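> With the sequence up front, the predicted model follows.
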Amino acid sequence: MFEAWGSKNLRIDVRTNVQTIQLDDCEDVEIVVPNLRHFEAIVHINAVRTKVTVGNLETFELPPDEVGGSQPHNQYVLRMIDGKLVNEVLKRSNIFPVYGGKATLPAAAK
C-alpha cells in the first residue's frame, strides 16, 4: 500500500506490485504503472488533476470530486475491469460517505 495525503506535484512510478494506492486531498499527481500486472487499485478522494497511466492504456484523468461543506462526498476506487480503467464510488459502512467535518457526521459515525 502506498498512501499520499495533502500532497502537491507528486509523481509515482510503480515498478513492483502495489495492491492499493490511496490519495486523499492531493493535487497534480501523475501515477505511472508500466506493467499491467503491477496495478490493482487506486482509492481516492479529492485527488485534483490526477493522471494515471497503466501499461499501454490511454492515460486516465480522475474526475473531480464535489467536496466540502456539510454535504457528504464519496470515496472512489479506480481499478481495471475487462481491460479498461473504471472509476466507481467505493461503498463502505459507517463513516462513508465522508462529511465536511465532525459536526456534520451522521450519528453512527460519531
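In hand now; what should we look at?

> how near is residue 84 to residue 58?
To residue 58, residue 84 is 9 Å away according to Cβ to Cβ, to the nearest Å. C-beta coordinates here come from the backbone N, C-alpha and C atoms, glycine included.

> so where's the protein shaky on pLDDT?
Within the chain, the segments meeting pLDDT under 70 span 66-73, 92-110.

> The same query, at a cut-off of 50, please.
Low-confidence segments of the chain, defined by pLDDT under 50: 69-70, 96-106, 108-110.

> Quick one: residues contacting the spatially most central residue of the chain.
Relative to the mean C-alpha position of the chain, the nearest C-alpha, by Cα atoms, centre = their mean, is the one of residue 44, at 1.9 Å. When contacts are counted by Cβ atoms under 8 Å, 6 or more residues apart in numbering, residue 44 touches 22-24, 26, 50, 62, 75-78.

> Could you give the bridge partners of it?
Beta bridges link residue 44 to residue 23, residue 76 when assigned by DSSP bridges.

> picking up where we left off before, from the contacts of residue 44, which would you call buried?
22-24, 26, 50, 62, 75-78 (16 or more other Cβ atoms under 10 Å).

> Kindly present those residues as CSV, with separate columns for distance to residue 4.
Output for the buried ones among the contacts of residue 44, formatted as CSV (distance: Cβ to Cβ, whole Å):
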residue, distance to residue 4
22, 7
23, 5
24, 7
26, 5
50, 10
62, 13
75, 14
76, 15
77, 16
78, 14
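
> These: which two are farthest apart?
26 and 77 (15.4 Å; Cβ to Cβ).

> In CSV, could you pull the C-alpha coordinates for stretch 79-94?
What follows is stretch 79-94 as a C-alpha-only set of coordinates in CSV (Å, rounded to 0.1, in the frame of the first residue of the first chain):
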residue,chain,number,x,y,z
ARG,A,79,-9.5,-0.4,-11.0
MET,A,80,-9.1,-2.5,-14.1
ILE,A,81,-12.3,-4.1,-15.3
ASP,A,82,-12.3,-6.1,-18.6
GLY,A,83,-9.1,-4.4,-19.7
LYS,A,84,-10.3,-0.8,-19.0
LEU,A,85,-9.7,1.6,-16.2
VAL,A,86,-13.0,2.1,-14.4
ASN,A,87,-13.7,4.7,-11.6
GLU,A,88,-16.5,3.9,-9.2
VAL,A,89,-17.9,5.1,-5.9
LEU,A,90,-16.5,3.0,-3.1
LYS,A,91,-19.2,1.7,-0.9
ARG,A,92,-18.4,1.4,2.8
SER,A,93,-20.4,1.4,6.0
ASN,A,94,-20.5,3.8,9.0
